[in-house]
Each structure stands twice: as structure tokens, then as C-alpha cells.
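Colleague: Using only what follows, build the 3D model:
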Amino acid sequence: MPVLNERAYLRHAVESVLAQDLDVPAELVLALGPSTDGTTELAEALARDDRRIRLVDNPAAHIPVGLNAAIRASRHPTVIRVDAHSELAPGYAARALATLERTGSANVGGVMHAEGRTPFQKAVARLYNSPVGLGGGAYHGGAHEGEAESAYLGVMRRSVLDEVGLFDETVRRGEDWELNLRIRQAGHRVWFDPGLSVTYWPRESWLRLARQFRATGAWRGELVRRFGRRNGIRYFAPPALVLLLTLAVIVSVLQLTGALSGVASLIASAVYLPLAAYLLLVLAVALAPGGGGIRQRLWTLLVLPTMHVAWGVGFLGGVLKGAGDTVDASRLGTRNTPLP
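Modeller: Presented below is the predicted three-dimensional model:
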């Protein structure tokens, strides 16, 4: 479990791991980044109370670096990746181990079920669980078991991780997708089991959400630069929306200034049609049954475009110039840096 500034979530995440009922030896390795909110002190207290918890340092604060440090420090043949912003369902580990054995796969993952506490977080969670929000990946609500492109978190054979070289520490976001690509290229199987469920708690504010999605989009753009068409078509929808918005702004400026008029202006106005359709989609999602109270529905009107536009802007930047040193700064105040 890589950990950074997670004091509000860490205890519940750790308790959900330690409560797993297993008939084999197990440990929990926390890779601690340089937190500033008391997370490290809480982790140290938890480790003192339970000898199954082990701590390793992750001074770089990058997720793949922390994951690799924890994996290298671990002592068992199966690696179950867990997250400080998540909680495992009862029986998750036992079922995952059974599925790993039954299918002969190298990596097994399940469903990421997002939940929220505030109207904003509930709006984000609902969109996480919707194919409209995050593009319909199997782990956002798939119901059919079978081979998969990637796996949420993942329950992995240590021997396969050693074979393919652990996580690529140059990939700051999307590191799981990249690892699973190498696992599949090595001739192994990645498996989705919808019976595995993990509760995920999204970001708690609009600004943090926008930062998270911009960084994630930038790294997906970087992965497209590196691996091209191996990336699914759904990843290109948000940048297409951003390009349409940009084109619509240019057309509207030209129309308002009179630089574009007559038949040419009428033809150019066609750019507004897909944007109008998108606006209707956003309204339909916000007003659909299960959308919660009025505050949650109002947040949905802002959150859905934020997710798509922030991700799309990041993606275009990542494709054009690479992700560079972009990190997810959504837990780190205002600076785009991995260190507090």
C-alpha cells in the first residue's frame, strides 16, 4: 500500500486489509511517502499495534516507486496491491487467491465501487461507477468474468512480477495498465472477476478532482506516445471533446467579429451540434434516477465536464510533449510536485 497524506482514510483501509480471513501467512507492507498531515505517525502507531504491518520508506512519493519498494520488502509468493483510499470487501483476498489458482492467471482484479460522504463526493462516486464518467472499463462495473486488458489494484503472482520487472518507475500514472501490458506480452493472463469488490473514496473537492484528472490524462497521453494503438479507443473521447470546445470558441469569435459570415458561418456552426448533444447528455445524467438530492445533482453538472475536460487537456499535453514530471498533486496543496 503506497501512502501519502491519507490520515482520514488510512485506518479504515488498513483495518479492511487486516480483517481479511486467510488460511495462509500474510503481511501488510506500507510504503510511506513524506506526509505532512500526521499519516506517518498514524502508520507507525498501527504498526506498533499489529506485527503483521511493516513499514518501508518512499521518499520520492511516487506510486510505482513505493509499490516496488513494498514488493521487494515482501516475503510471500502472492502480492495483493491495496490502496489507502480504498477498503477491501470481506472475503476479497480469499476469493482473489482462489480465482488466481482457478484461472491460472498472473493477475486478478475486480470492481472498483466508488462511494462518497458529501454531496460532491457522492456525485463524483456516481460518475466513477458510470460508463459515462470513466469510459466503461470492466472494473468500473463490468458483470462478466473473463480475460481483461488491465486489473484494478491487482492480485499478482510474485514470480511473474519478478519475470517482467515490477512496475515501471518512469510511469507516474497508469502504471498498472503498463504493467499489465507487459504481463500479457509475456504470455500471461490478466483476469477480471466481478465478484471481487473494493470500495474507493474519490477526491473531496473540485480543485483536487481537476488536478487528479489532468495528471491522469497527461500520463495516458504519455502512454499513447509510448505504445500507440495498444490504448483503447475510449481514451480518445475526452481529448476529442476538448478539441471540439476549442474549435467552437474559435468559430464563435470569428462569427462575433464578422470575420466569418454567410454560408461559411452557417456551415461552421455545425461544430455546435455535438457540443449541444454533450450538454444534453450532462443534463440527462444529472437528472436521471439515482442522482441523489438537489446538491448532488448540481455538483454532477460541474463534475462530469470537469472530469472529461481536465482529463482531455492533460491527455493532449501528454501526447504532444509527454507527461514530463507531471504528478497527481491533488493531495499536496497547490504545487505540482511529489514532495510537500
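Colleague: how about the helices of the stretch 1-150 of the chain, start to end?
Modeller: Under the criterion DSSP state H, counting those that start in this stretch, the stretch 1-150 of the chain contains helices at 7-18, 39-49, 63-73, 92-103, 119-128, 131-134.
Colleague: ranking the ones you listed by burial, who's on top?
Modeller: helix 119-128 (a mean of 23; mean count of other C-beta atoms under 10 Å). All C-beta spots, glycine's among them, are computed from the backbone N, C-alpha and C.
Colleague: Which residue of the chain lies farthest from its centroid?
Modeller: Going by C-alpha atoms, centre = their mean, the residue of the chain most distant from its centre is residue 262, 46.3 Å out.
Colleague: Could I get the helices of the stretch 1-150 of the chain in a markdown table, plus columns for distance to residue 56 and mean pLDDT?
Modeller: What follows is these, written out as a markdown table (distance: least, C-beta to C-beta, whole Å; pLDDT from 0 to 100):
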| stretch | distance to residue 56 | mean pLDDT |
| --- | --- | --- |
| helix 7-18 | 15 | 94 |
| helix 39-49 | 11 | 97 |
| helix 63-73 | 5 | 96 |
| helix 92-103 | 20 | 96 |
| helix 119-128 | 29 | 95 |
| helix 131-134 | 31 | 85 |
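Colleague: Now do the residue nearest to residue 164 when sequence neighbours are not counted, the pLDDT please.
Modeller: Spatial nearest neighbour of residue 164, chain neighbours left out: residue 182 (4.5 Å); criterion: C-beta to C-beta, 6 or more residues apart in numbering. Looking at residue 182, its pLDDT is 96.
Colleague: Likewise for residue 152?
Modeller: 92.
Colleague: Residue 210 and residue 306 touch, don't they?
Modeller: Yes: contact criterion C-beta atoms under 8 Å: residue 210 and residue 306 qualify, at 5.4 Å.
Colleague: what ranges do the helices span in the stretch 201-340 of the chain?
Modeller: Per DSSP H, counting those that start in this stretch, the stretch 201-340 of the chain carries helices over the ranges 206-227, 237-256, 262-268, 272-287, 294-321.
Colleague: For the helix or strand of the chain with the lowest mean pLDDT, name the packing helices and strands.
Modeller: Every helix and strand of the chain was ranked by mean pLDDT, DSSP states H and E. The lowest is helix 131-134, at a mean of 85. Packed against helix 131-134 by the contact rule (3 or more C-beta pairs under 8 Å, 6 or more residues apart in numbering; DSSP states H and E) you find helix 119-128, helix 294-321.
Colleague: how far out from the middle of the chain is the shortest one?
Modeller: Mean C-alpha position of helix 119-128 versus that of the full chain (C-alpha atoms, centre = their mean, to the nearest Å) differs by 14 Å.
Colleague: would TSV of the helices of the stretch 201-340 of the chain with mean pLDDT and distance to residue 74 be doable?
Modeller: What follows is those, written out as TSV (pLDDT from 0 to 100; distance: least, C-beta to C-beta, whole Å):
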stretch	mean pLDDT	distance to residue 74
helix 206-227	93	25
helix 237-256	96	36
helix 262-268	95	59
helix 272-287	97	41
helix 294-321	96	31
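Colleague: Mind checking those helices for the one nearest to residue 116?
Modeller: helix 294-321 (8.5 Å; C-beta to C-beta).
Colleague: tell me which strands and helices that closest one is in contact with?
Modeller: The contact analysis (3+ C-beta pairs under 8 Å, 6+ apart) places helix 294-321 against helix 119-128, helix 131-134, helix 206-227, helix 237-256, helix 272-287.
Colleague: Buried residues in the last one, which are they?
Modeller: When you say that, I think you mean helix 272-287. The neighbour-count check on helix 272-287 (16 or more other C-beta atoms under 10 Å) flags 278, 282, 285, 286 as buried.
Colleague: quick one: it to helix 119-128, angle?
Modeller: If you take axes from the mean of the first three to the mean of the last three C-alpha atoms, to 10 degrees, helix 272-287 sits at 120 degrees to helix 119-128.
Colleague: List the contacts of helix 272-287.
Modeller: Applying C-beta atoms under 8 Å, 6 or more residues apart in numbering, the contact partners of helix 272-287 are 127, 130, 132, 241, 244-245, 248, 251, 291, 297-298, 300-301, 304-305.
Colleague: Just among those residues, which is most surrounded?
Modeller: residue 300 (27 neighbours; other C-beta atoms under 10 Å).
Colleague: and it, what is it in contact with?
Modeller: Applying C-beta under 8 Å, 6+ apart, the residues near residue 300 are 123, 126, 127, 282, 285, 286, 291.
Colleague: Could you double-check that residue 52 lies in contact with residue 30?
Modeller: No: with contact defined as C-beta under 8 Å, residue 52 does not reach residue 30; the gap is 11.0 Å.
Colleague: So these two - more neighbours on which side?
Modeller: Neighbours per residue (other C-beta under 10 Å) separate residue 52 from residue 30, with residue 30 holding more: 28 against 13.
Colleague: which residues does the more buried one contact?
Modeller: Residues in contact with residue 30 (C-beta under 8 Å, 6+ apart) are 1, 3, 14, 43, 47, 53, 54, 55, 56, 70.
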